[in-house]
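Colleague: My questions concern the predicted model and sequence given below.
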Amino acid sequence: MYKVENPMDKAMGGMDKAAGTYGSMDKDIPANRDPGPTPGGAINAGMGGAVAAASIGSAMGTGAAAGIIGGPPGIAIGAALGIGAYLLS
């Protein structure tokens, strides 16, 4: 017997190629991209770091280390670490 090419297979192959070509033509829309770091996000991360430092200082109880970590220097360092972690992530 002679082998005859099935026109349906050829048509389906062409449809697959067309679908792949159409799928690769996505537009680069700014709404689909990650916005990156924002000032509001940095403020939020800084506040989170400050609260974390204050809570660690209060959990330590009394003493010099608790006063430093839970006090203004520790809170400022916590805020800086929070902002830094946000901007580097």
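Modeller: Perfect, I can see it now.
Colleague: distance between the helix or strand of the chain with the lowest mean pLDDT and the chain's centre?
Modeller: Lowest by mean pLDDT, DSSP states H and E among the helices and strands of the chain is helix 64-70, with a mean of 70. The chain centroid and the centroid of helix 64-70 are separated by 33 Å under Cα atoms, centre = their mean, to the nearest Å.
Colleague: what does that helix rub up against?
Modeller: Contacting residues not belonging to helix 64-70 are listed as 53-54, 56-58, 60, 74 [Cβ atoms under 8 Å, 6 or more residues apart in numbering]. C-beta: built from backbone N, CA, C; applies to glycine.
Colleague: which stretches of this protein have low pLDDT?
Modeller: 1, 26-29, 31-32, 66-67 (pLDDT under 70).
Colleague: please redo it, this time with the cut-off set to 80
Modeller: 1-7, 20-35, 57-58, 60-71 (pLDDT under 80).
Colleague: Considering the contacts of helix 64-70, which possesses the most neighbours?
Modeller: Highest neighbour count within the contacts of helix 64-70: Ala53, with 25 neighbours (other Cβ atoms under 10 Å).
Colleague: Counting by contacts, list what the host helix or strand of that residue packs against.
Modeller: Element membership for Ala53, per DSSP states H and E: helix 39-59. Counting contacts by 3 or more Cβ pairs under 8 Å, 6 or more residues apart in numbering; DSSP states H and E, helix 39-59 is packed against helix 64-70, helix 72-88.
Colleague: need these in JSON lines with distance to Gly36, can you?
Modeller: Shown next, in JSON lines, are the helices and strands packed on helix 39-59 (distance: least, Cβ to Cβ, whole Å):
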{"stretch": "helix 64-70", "distance to Gly36": "31"}
{"stretch": "helix 72-88", "distance to Gly36": "10"}
